[in-house]
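**Q** Any chance you could fold what I've pasted below:
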Amino acid sequence: MTHCFALDLKDDPILIAEYERWHAPGGVWPEILESIKSAGITSLDIYRTGNRLLMVMEVTEDFSFEKKATADASNPTVQAWEELMWKFQQPLPWAKEGEKWVQLERIFKL
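**A** Okay, here's the model as predicted:
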């Protein structure tokens with residue numbers, strides 16, 4: 001199953017370049033990659049245009065957003081990563097309180 005999300009980066013070329021360095025090969029902490037894989041996320045891609053990000057996730061049939069959120073909340077390394085990433089990120093104008101990545105609704109499929 002595929003899920004897509006959007007989030008904005010702060011519109012600052014220096015911060016955007018630093019964010020991209022964190023996401024270049026070898027930049028993401030190994031513990032973060034393991035937390036993603038162990039949750040049942042089989043593929044995760046992030047795309048950027050301007051300061052807008054698009055994340056595409058492929059997940060297993062037994063993947064659960066609730067289980068991933070619970071695991072992340074109790075993992076200090078994930079929390080540290082999220083705090084670091086928030087230096088670069090900002091919520092979309094229509095995001096709910098406390099929501100970072102906003103799930104996209106598919107409106108067309110060929």
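
**Q** dump the residue contacts of residue 102.
**A** Residues in contact with residue 102 (C-beta atoms under 8 Å, 6 or more residues apart in numbering) are 5-7, 91-92, 94-95. Any C-beta I mention is one placed from the backbone N, CA and C, and that applies to glycine too.

**Q** give me that answer again for 7 Å
**A** Shown in contact with residue 102 (C-beta atoms under 7 Å, 6 or more residues apart in numbering): 5-7, 92, 95.

**Q** Equivalent analysis for residue 45, please.
**A** Counting by C-beta under 7 Å, 6+ apart, residue 45 has contacts residue 56.

**Q** Next up, phi/psi of it, please.
**A** The phi and psi values for residue 45, taken as degrees, to the nearest 10, are phi -120, psi 140.

**Q** how close does it get to residue 7?
**A** According to C-beta to C-beta, to the nearest Å, residue 45 stands 14 Å off from residue 7.

**Q** just residue 85 next, same as before
**A** 9 Å.

**Q** Neighbour count: those two, which is higher?
**A** With neighbours defined as other C-beta atoms under 10 Å, residue 85 and residue 7 compare such that residue 7 has more, 21 against 16.

**Q** What's the first helix or strand after whatever helix or strand the more buried one lives in?
**A** Using DSSP states H and E, residue 7 maps to strand 2-9. As assigned by DSSP H and E, the chain's next helix or strand after strand 2-9 is helix 13-23.

**Q** where does that next one sit relative to the chain's centre, distance-wise?
**A** Offset of helix 13-23 from its chain centre (C-alpha atoms, centre = their mean, to the nearest Å): 14 Å.

**Q** mean confidence for the helix or strand following it?
**A** Under the assignment DSSP H and E, the closest C-terminal helix or strand after helix 13-23 is helix 30-38. Per-residue pLDDT values over helix 30-38 give a mean of 97.

**Q** Report all helices and strands that helix 30-38 contacts.
**A** Judged by 3 or more C-beta pairs under 7 Å, 6 or more residues apart in numbering; DSSP states H and E, the packing partners of helix 30-38 are helix 76-86.

**Q** and the helix it packs on, which residues are buried?
**A** 78, 81, 85 (16 or more other C-beta atoms under 10 Å).

**Q** Done for today, thanks.
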